[in-house]
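Q: Sequence and predicted structure below; questions after.
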Amino acid sequence: MKTTLLKTFAFVSLVSIGGMAQAQHLHKLLPAEQEISLDYGADRLGKRQDAAMQKFRDNRLGAFIHWGLYAIPGGEWNGKVYPGAAEWLKSWAKVPSNEWLELMKEWNPTKFDAKKWAKMAKEMGVRYVKITTKHHEGFCLWPSKYTEYTVANTPYKKDLLGEMVKAYNDEGIDVHFYFSVMDWSHPDYRYDIKTEEDSIAFNRFLTFTDNQLKELATKYPTVKDFWFDGTWDASIKKNGWWTAHVERMLKDMLPGVTINSRLRADDYGKRHFDSNGHLMGDYESGYERRLPDPVKDLKVTRWDWEACMTVPENQWGYHKDWSISYVKTPTEVLERVVHAVSMGGNMVVNFGPQADGDFRMEEKELAKFVGSWMKKYGECIYACDYAGWDKQPWGYYTRKGEAVYMVVFNRPYSEHLTVKVPKGTQVVKAALLNGKEVEVVETARNEYNVNTPVQEPGEPFVIKLQIKEAAGAADKYRDALT
Ligand code: FHN
């Protein structure tokens with residue numbers, strides 16, 4: 001069993017981050033009688049149902065902030081522009097750590113204004129923000145006492161993370177901490193453990209990491225979530241016990257805190273889902289720059305999940321040249337948000353602020369666009385879930401209680417939106433979110449035509465269906481994967 005599993009999840013080359021992001025994590029549930037006993041497997045079966053988890057789920061829309069030293073070169077090193085992800089520039093340009101960390105001398109974001117950032121997030125309608133406390137480069141946005149590579153030792157000096165946490169919280173926005181376990185600045189980090197010396201060094205590294213995490217949890221106790229990254233190396237997979245320990249440690253320190261599946265590896269190095277197929281951590285976090293397949297992966301509605309996306313093809317940190325890859329339009333970004341919610345997940349849209357503390361114009365415009373849509377139609381996003389109805393080509397369904405929302409991205413020339421309902425379900429009324437009713441005609445058993453609004457809204461729009469269901473109709477339908 002051990003050998004097969006290790007083969008299946010063989011080490012993925014570090015430079016193929018694209019491939020890594022796309023890596024499929026098996027979640028085939030073993031029949032109960034074939035389950036093996038694990039010390040570091042899932043702590044729980046099924047979704048977490050407490051209030052903090054419900055809040056995480058209800059938030060639905062979040063923003064990611066990737067901000068670190070990589071924002072200074074913005075994808076360019078010694079006159080060469082590298083098209084890969086800007087936050088990996090140190091690796092693309094093979095810059096030694098000591099040279100890279102010299103960038104700290106230039107870290108002085110004079111335009112940074114935490115209150116402005118928080119206002120921008122508020123206006124965008126995000127309910128939470130995930131901040132890179134420390135990315136792979138090892139530079140900390142908080143004054144950690146366990147390393148010299150922190151904001152305290154830059155010309156800026158002040159605790160950037162503290163400023164952000166306060167400003168976002170003041171706007172009623174939850175703060176989540178991104179934390180990269182892999183740390184290129186630390187001499188004790190190991191990609192694999194092959195010798196006794198590796199093992200000793202890596203244990204020191206794990207203690208250092210524990211200390212940093214305890215420091216974060218103590219200094220910023222309002223943090224709602226830890227989102228771990230950089231956990232794919234063999235060294236971590238061989239120390240599954242440590243990932244289970246970190247989850248427990250943080251949950252003991254911060255009751256209610258949520259933890260992503262990416263942290264975890266089980267006794268056999270199996271990640272995200274343990275060797276029995278059970279999700280580890282509180283929500284699946286493997287959907288990066290992609291969404292679950294609407295047909296094949298509908299089983300994702302059985303656990304919580306969160307996807308995250310970049311606006312260009314694959315740039316998280318600030319890159320000065322966005323013309324090197326396709327940049328999604330604001331409507332495409334919005335569509336992915338809606339798509340995620342329609343499959344019962346959260347979506348986090350990434351921002352890579354400039355080194356001066358301002359955002360690039362495209363990101364400001366994106367935030368405004370999403371925000372003005374959310375103001376009108378956010379009702380179909382927040383606290384909404386998978387509806388369990390057959391997807392139709394005009395767009396997506398989301399659901400909150402007895403309300404089913406039709407989010408229309410493709411308005412048909414027929415002006416009729418086909419709605420197929422599960423057996424035992426009736427559409428009683430259809431209306432725009434401003435209350436204006438739209439006509440519904442029953443065209444066949446379990447099938448309706450809902451008229452599009454007479455006036456062209458000029459943007460994706462929402463029709464709210466009021467429905468009546470025979471007892472158990474929804475549940476039966478949800479079990480049937482379509
Ligand atoms: O390598 C990182 C990458 O830079 C970025 O932070 C993303 C965000 O999900 N995570 C890693 C790749 O999976």
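A: Cool, got the structure.
Q: May I see the buried residues of the longest helix seen in the chain?
A: Secondary structure of the chain read by DSSP state H shows that its longest helix is helix 196-219. Of the residues in helix 196-219, 198, 201-202, 205-206, 208-209, 212-213, 215-217 count as buried by neighbour count, 16 or more other CB atoms under 10 Å. The C-beta positions use only the backbone N, C-alpha and C, and glycine is treated the same way.
Q: how long is stretch 127-147 end to end?
A: In terms of CA to CA, to the nearest Å, the two terminal residues of stretch 127-147 are separated by 32 Å.
Q: returning to what we had before: what average pLDDT does the longest helix of the chain get?
A: Average pLDDT, helix 196-219: 98.
Q: again with stretch 382-396
A: In this model, stretch 382-396 has a mean pLDDT of 95.
Q: and the end-to-end length of that stretch?
A: End-to-end distance (CA to CA), stretch 382-396: 15 Å.
Q: hmm, who's touching that stretch?
A: Contacts made with stretch 382-396 from outside it, assessed by CB atoms under 8 Å, 6 or more residues apart in numbering, are listed as 57-61, 127, 294, 298, 301, 338-339, 341-344, 397-400, 404-412, 417-422, 460, 474, 477-478, 482.
Q: Now, those residues that are in strands?
A: For the contacts of stretch 382-396, membership in strands holds for 61, 397-400, 404-408, 417-420, with DSSP state E as the criterion.
Q: Spell out which helix or strand contains residue 169, please.
A: For residue 169, the enclosing helix or strand under DSSP states H and E is helix 160-170.
Q: low-scoring stretches of the stretch 151-300 of the chain, by residue?
A: Under the criterion pLDDT under 70, the flagged ranges of the stretch 151-300 of the chain are 294-298.
Q: Can you tell me how far the nearest residue to residue 153 once chain neighbours are set aside is from residue 197?
A: Among residues not flanking residue 153 along the chain, residue 104 sits closest, at 6.2 Å (CB to CB, 6 or more residues apart in numbering). Distance of residue 104 to residue 197, computed by CB to CB, to the nearest Å: 29 Å.
Q: ditto for residue 432
A: In this structure, residue 432 and residue 197 are 67 Å apart, going by CB to CB.
Q: that older thread, just the buried residues from the ones in strands among the contacts of stretch 382-396, in ChimeraX please.
A: Buried members of these, defined by 16+ other CB under 10 Å, are picked up in ChimeraX with:
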select :61,397,398,399,400,404,405,406,407,408,417,418,419
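Q: Out of the ones in strands among the contacts of stretch 382-396, which is nearest to the ligand?
A: Nearest to the ligand among the ones in strands among the contacts of stretch 382-396: residue 61, at 16.5 Å, using CB to the nearest ligand atom.
Q: which residues does the closest one contact?
A: 125-127, 337, 346-349, 370, 374, 381-382.
Q: Of those, which is the nearest to the ligand?
A: Looking at those and their distance to the ligand, the nearest is residue 348, at 8.6 Å (CB to the nearest ligand atom).
Q: Correct me if wrong: residue 217 contacts residue 253.
A: Yes: using CB atoms under 8 Å, residue 217 is in contact with residue 253, at 4.5 Å.
Q: how about the strands in the stretch 101-250 of the chain?
A: Shown for the stretch 101-250 of the chain, the strands assigned by DSSP state E, counting those that start in this stretch span residues 128-134, 174-180, 225-229.
Q: and the angle from the shortest one to helix 196-219?
A: Angle between the axes of strand 225-229 and helix 196-219 is 150 degrees (criterion: axes from the mean of the first three to the mean of the last three CA atoms, to 10 degrees).
Q: hmm, who's touching strand 225-229?
A: Counting contacts by CB under 8 Å, 6+ apart, the residues outside strand 225-229 that touch it are 56, 128, 130, 135-136, 174, 176-182, 213, 216, 246, 250, 257-260, 262-263, 285.
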